[in-house]
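*Asks:* give me the fold of what follows.
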Amino acid sequence: MKLVLCFGHRWRLSLLLCTALLTVFLLSRYQSLPPPLLTSLAVDLSTGQQSIPTNTTSVRTTNYKKRFPQAIIIGVRKAGTRALLDMLTLHPSVVSPKPEIHYFDKEENYVRRVQWYIDSMPRSYPQQITIEKTPAYFVGPQVPQRIHSVSPNVKLLLIVRNPIDRTVSDFAQLNNKRRKTESHKHTTFEKAVFNGDHVNTLYNPISILVVDGDSLITNPLTQLKRAEAFLGIESYFTESMFFFNETKGFYCWRKISKDAHCLGSGKGREHPEVSPEAVQALKQFFKPHNQQFYNQCGQPFNW
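*Replies:* Below is the predicted model:
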């Protein structure tokens, strides 16, 4: 059984082809599942505070250090990767670097070797799990082998959403960036999207949790509970930590005894109008790929 992912090399093509995140891609890279990464952590769940070794300075120094990530969010772009990571880091057992590292997909970073990658991570205790997020990993043909060569048992999270909504969102972001350059020429959604494709083969879903990005928008708790189980961290998230923001159109969250947090102004931007004909054409285009994706990952998304 194989999963394929479509994407494009130019920005126009990538709008349609990155959306083929819903097609299926190569399953031969990762064969074994690691044991639970974290079974317990000394945390007071009433306050969200974790206990930290305090016996000696040497113990602290030895245990509190930068580590290779035990889990990586590999994509896909405009499906909710930032929201997923921000929500997961509410958990006291989870730490993550702030920026996207782009170690496995960018040559200028990869040549710096794995120690540079580890040095880019935040410090953590052995009982914690480090998660890195770089959506570009999903479309990099060289990425699977690179990840596998240094950490074959790393856990991967892939968040997906309705491919039509993802395509429109991707177009809105790219159009917004291009609007800021002098060379920008107005391009309609239809012209940008209906322009060919390219197929890429990637990862093995035995090590991948497929997160429902549409559900993360409407009911984040269900997806976070699935992520907790997948990552092997103790149950922490509760319904009271999330509330719906009418202005943004999606959920915001608060850590226990902390102020509320919503995604930045770059999220939830206005989308262009898309003709019914274009929507119908995309539905027909994605239909066989969606069905193949459902069969491979064992989850029907009703797209």
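
*Asks:* secondary structure class of residue 210, three-state.
*Replies:* Here residue 210 is recorded as strand under DSSP: H, G, I helix; E, B strand; the rest coil.

*Asks:* from residue 107, how far off is it?
*Replies:* Distance, residue 210 to residue 107, using Cβ to Cβ, to the nearest Å: 29 Å. Placement of C-beta: from N, CA and C, glycine included.

*Asks:* these two: which is more packed in?
*Replies:* Looking at residue 210 and residue 107 with other Cβ atoms under 10 Å, you find the greater number of neighbours at residue 210, namely 19 against 8.

*Asks:* residues near the residue lying closest to the more buried one once chain neighbours are set aside, how many?
*Replies:* Nearest non-adjacent residue to residue 210, counting by Cβ to Cβ, 6 or more residues apart in numbering: residue 297, 4.8 Å away. Counted with other Cβ under 10 Å, the neighbours of residue 297 add up to 18.

*Asks:* quick check: residue 297 touching residue 209?
*Replies:* No - assessed by Cβ atoms under 8 Å, residue 297 is found out of contact with residue 209, at 9.7 Å.

*Asks:* and stretch 211-227, which residues are buried?
*Replies:* Neighbour-count burial for stretch 211-227 flags 211-217, 220-221, 223-224, 226-227 (criterion: 16 or more other Cβ atoms under 10 Å).

*Asks:* actually stretch 292-303, sorry about that
*Replies:* By neighbour count on 16+ other Cβ under 10 Å, the buried set for stretch 292-303 is 292, 293, 294, 296, 297, 301, 303.

*Asks:* skip the chain neighbours and tell me the closest residue to the third one.
*Replies:* To tie it back to what came earlier, the one meant is residue 294. Closest residue to residue 294 apart from its sequence neighbours, by Cβ to Cβ, 6+ apart: residue 300 at 5.0 Å.

*Asks:* confirm that that neighbour sits in a helix.
*Replies:* No - counting by three-state DSSP, residue 300 is not found in a helix; it is coil.

*Asks:* so it makes contact with residue 291?
*Replies:* No - here residue 300 lies out of contact with residue 291, judged by Cβ under 8 Å, at a distance of 9.2 Å.

*Asks:* tell me where the stretch 101-250 of the chain has helices.
*Replies:* With helices called from DSSP state H, counting those that start in this stretch, the stretch 101-250 of the chain shows them at 107-110, 113-119, 143-150, 163-178, 189-193, 213-218, 220-231.
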